[in-house]
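**Q** Fold the following for me, if possible:
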Amino acid sequence: MTPRERMLALLVGSVGLILAVFLGWSWIDGKFRVRRGQIATLEGDISKFKQQVLTGKLATKKLSEYEARSLPPAPDVARSLYQAWLLERLAQAGFVDPEVKPQSQKAEKKLYVSQLFILSGRGTLPQLVDLLHSFYSVDYLHRINTLSIKPIKDSKELDITLQIDAMSLLTAPPVTELHNRPSDRLARPSKDEYLDKIVGRNLFGPANQAPRLSIGGSRDVVVNRSADIRLSASDPDKLDTVRYRLLDADAPEAQLDPATGRFSWTPRELGRYRFAFEAYDDGFPSTPSRREEVVINVIDPPPVGPPVATGFTGFDDAKYTDLTGVTEVGGVREVWLRVRPRDLILHLRAGDAFEIGSVSGVVHSIGPSDFTFERDGKLHKLEKGRFLDQTVVTANSEQAG
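**A** Below you'll find the predicted structure:
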């Protein structure tokens with residue numbers, strides 16, 4: 001064999017060997033690819049199975065949570081208990097003419113029963129916030145579908161209607177009462193924060209205006225006698241109710257009726273005492289008046305003059321007639337004298353003459369809690385709460401005139 005033939009044979013053999021190696025590797029690699037594909041398929045099936053198991057566990061957990069939140073599985077029991085619960089919420093919120101009407105119910109593939117309820121009534125904006133807060137504070141399977149709010153003319157009340165869906169899971173444990181699990185659906189910790197944010201905006205009316213406070217009565221009080229301070233207020237918003245409060249007082253025992261503004265205090269020591277008052281309304285939001293301060297001077301009682309000889313004999317009605325009050329009608333003051341033995345009240349104005357028992361005279365002037373009358377050329381003063389025979393001589397009528 002010539003060298004050339006050997007070279008050709010070697011070349012042909014090398015090509016054959018390479019071809020054989022290539023074919024062998026291709027066959028082996030094909031087997032590996034098939035195996036890897038099978039492994040990938042099995043791994044995918046395993047992943048899907050794990051996902052199904054996880055989904056099943058999550059669904060079981062979710063179903064368990066729903067069962068804990070569910071109304072009783074018996075639809076009639078659920079409807080009766082939930083309707084009573086809704087009526088209680090309306091009553092606690094203070095609604096007027098509250099009503100809860102059960103509507104249709106719908107069963108879904110023997111899994112649950114959904115029931116529709118319609119709530120209606122009249123209430124203020126704070127009462128509506130109270131109702132919604134109590135609704136979302138409990139963890140039932142319920143929701144509000146619609147909420148209708150209509151302002152009522154010339155009133156602070158709103159005409160309110162709600163449509164509510166409530167659900168009973170048929171797999172829930174049978175019970176005869178509603179659970180009381182708290183809900184975590186409320187973002188704010190207290191109802192007061194919702195009242196401040198919602199009621200403070202007053203979406204259904206104009207901005208609230210503050211009331212105007214006025215204080216009347218005498219600033220001079222005789223020691224051991226009741227102070228004569230009267231609070232009154234006017235409010236530009238005619239629908240608002242005004243109340244009063246005592247902000248500061250040099251006398252802790254002083255009392256103020258928040259509804260009437262009646263101030264009660266009997267000083268026991270002489271001196272100057274400072275009091276601060278405020279009026280506020282029930283508008284949305286409540287707006288206080290300007291702070292008003294009063295300084296009361298506690299003084300000694302005036303000296304009582306000697307009794308006047310009148311020559312009167314017999315039962316003396318003047319000893320049992322006292323000044324019960326001073327009123328003002330149309331800018332004209334009027335004193336009320338109560339004649340106790342006769343169960344009679346006399347109404348006297350400046351210039352009126354009177355005669356009661358041993359005392360007679362003509363009304364000269366009328367103060368906030370006293371009045372002065374002319375008798376025998378002198379002016380006599382009678383203070384509220386004292387009897388007619390206990391007058392104080394203040395001056396001669398010529399000096400006063």
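
**Q** Which residues are in contact with residue 142?
**A** The neighbours of residue 142, taking C-beta atoms under 8 Å, 6 or more residues apart in numbering as the test, are 71, 82, 135, 164-167. All C-beta spots, glycine's among them, are computed from the backbone N, C-alpha and C.

**Q** right, and residue 143 touches residue 164 too?
**A** Yes - between residue 143 and residue 164 there is a contact under C-beta atoms under 8 Å: 7.0 Å.

**Q** neighbour-wise, which of these two wins?
**A** residue 164 (21 against 12; other C-beta atoms under 10 Å).

**Q** right, and the secondary structure at the more buried one would be what?
**A** Reducing the assignment at residue 164 to three states with DSSP: H, G, I helix; E, B strand; the rest coil gives strand.

**Q** From residue 71, how far out is the closest residue to it other than its chain neighbours?
**A** Spatial nearest neighbour of residue 164, chain neighbours left out: residue 117 (4.7 Å); criterion: C-beta to C-beta, 6 or more residues apart in numbering. Applying C-beta to C-beta, to the nearest Å, the value for residue 117 to residue 71 is 11 Å.

**Q** what's the answer for residue 26, then?
**A** Residue 26 is 69 Å from residue 71, by C-beta to C-beta.

**Q** If you count surrounding residues, which of the two has more?
**A** For residue 26 versus residue 71, the count of surrounding residues by other C-beta under 10 Å is larger for residue 71: 26 against 10.

**Q** who wins for neighbours among the contacts of residue 142?
**A** Neighbour-wise, the contacts of residue 142 (other C-beta under 10 Å) top out at residue 71, 26 neighbours.

**Q** contacting residues around it?
**A** By C-beta under 8 Å, 6+ apart, the neighbours of residue 71 are 78, 81-82, 140-142, 166-168, 172, 178.

**Q** Would you tell me which one of the residues you listed comes nearest to residue 287?
**A** residue 142 (36.6 Å; C-beta to C-beta).

**Q** Just the pLDDT at that closest one, thanks.
**A** On the pLDDT scale, residue 142 is placed at 93.

**Q** what pairs with it across the strands?
**A** When bridges are called by DSSP bridges, residue 142 pairs up with residue 166.

**Q** quick one: it from residue 186, how far?
**A** Residue 142 is 15 Å from residue 186, by C-beta to C-beta.

**Q** For the strand or helix carrying residue 106, enumerate the helices and strands it packs against.
**A** Residue 106 belongs to strand 96-108 when assigned by DSSP states H and E. Contacts defined by 3 or more C-beta pairs under 8 Å, 6 or more residues apart in numbering; DSSP states H and E place strand 96-108 against helix 75-93, strand 112-123.

**Q** Mean pLDDT and distance to residue 239 for the ones you listed - can I get that in JSON lines?
**A** Output for the helices and strands packed on strand 96-108, formatted as JSON lines (pLDDT from 0 to 100; distance: least, C-beta to C-beta, whole Å):
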{"stretch": "helix 75-93", "mean pLDDT": "93", "distance to residue 239": "20"}
{"stretch": "strand 112-123", "mean pLDDT": "94", "distance to residue 239": "14"}
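
**Q** The residue lying closest to residue 220 once chain neighbours are set aside in helix, strand or coil?
**A** In space, and not counting its chain neighbours, residue 220 is closest to residue 297: 5.0 Å by C-beta to C-beta, 6+ apart. Put simply, residue 297 is strand when judged by three-state DSSP.

**Q** can I assume residue 297 is in contact with residue 272?
**A** Yes - under the criterion of C-beta under 8 Å, residue 297 makes contact with residue 272 at 5.7 Å.

**Q** Where does pLDDT dip in the chain?
**A** Applying pLDDT under 70 to the chain picks out residues 1, 50, 53-61, 63, 202, 302-313, 329-330, 395-401.

**Q** show me what contacts the most centrally placed residue in it?
**A** By C-alpha atoms, centre = their mean, the chain has its centre lying nearest to residue 126, at 5.8 Å. Residue 126 makes contact with 195, 199, 284, according to C-beta under 8 Å, 6+ apart.

**Q** Okay, helices next: where are they in the stretch 251-400 of the chain?
**A** Counting by DSSP state H, counting those that start in this stretch, the stretch 251-400 of the chain has helices at residues 397-400.

**Q** Scan this protein for its longest helix.
**A** The single longest helix within the chain, with elements called by DSSP state H, is helix 3-69.

**Q** If you count contacts, what does it end up packed against?
**A** strand 158-169.

**Q** and the strand it packs on, how far out from the chain's middle?
**A** Put simply, strand 158-169 sits 23 Å off its chain's centre (C-alpha atoms, centre = their mean, to the nearest Å).

**Q** Quick one: residues contacting residue 346.
**A** By C-beta under 8 Å, 6+ apart, the contact list for residue 346 reads 336-337, 339, 354, 356.

**Q** want to throw the residues you listed into CSV with neighbour count and distance to residue 291?
**A** Shown next, in CSV, are these (neighbours: other C-beta atoms under 10 Å; distance: C-beta to C-beta, whole Å):
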residue, neighbour count, distance to residue 291
336, 16, 33
337, 20, 38
339, 17, 43
354, 16, 43
356, 20, 44
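
**Q** Can you tell me which of those lies closest to residue 149?
**A** Lowest distance from residue 149 to the contacts of residue 346 (C-beta to C-beta) belongs to residue 336, with 50.2 Å.

**Q** All set now, cheers.
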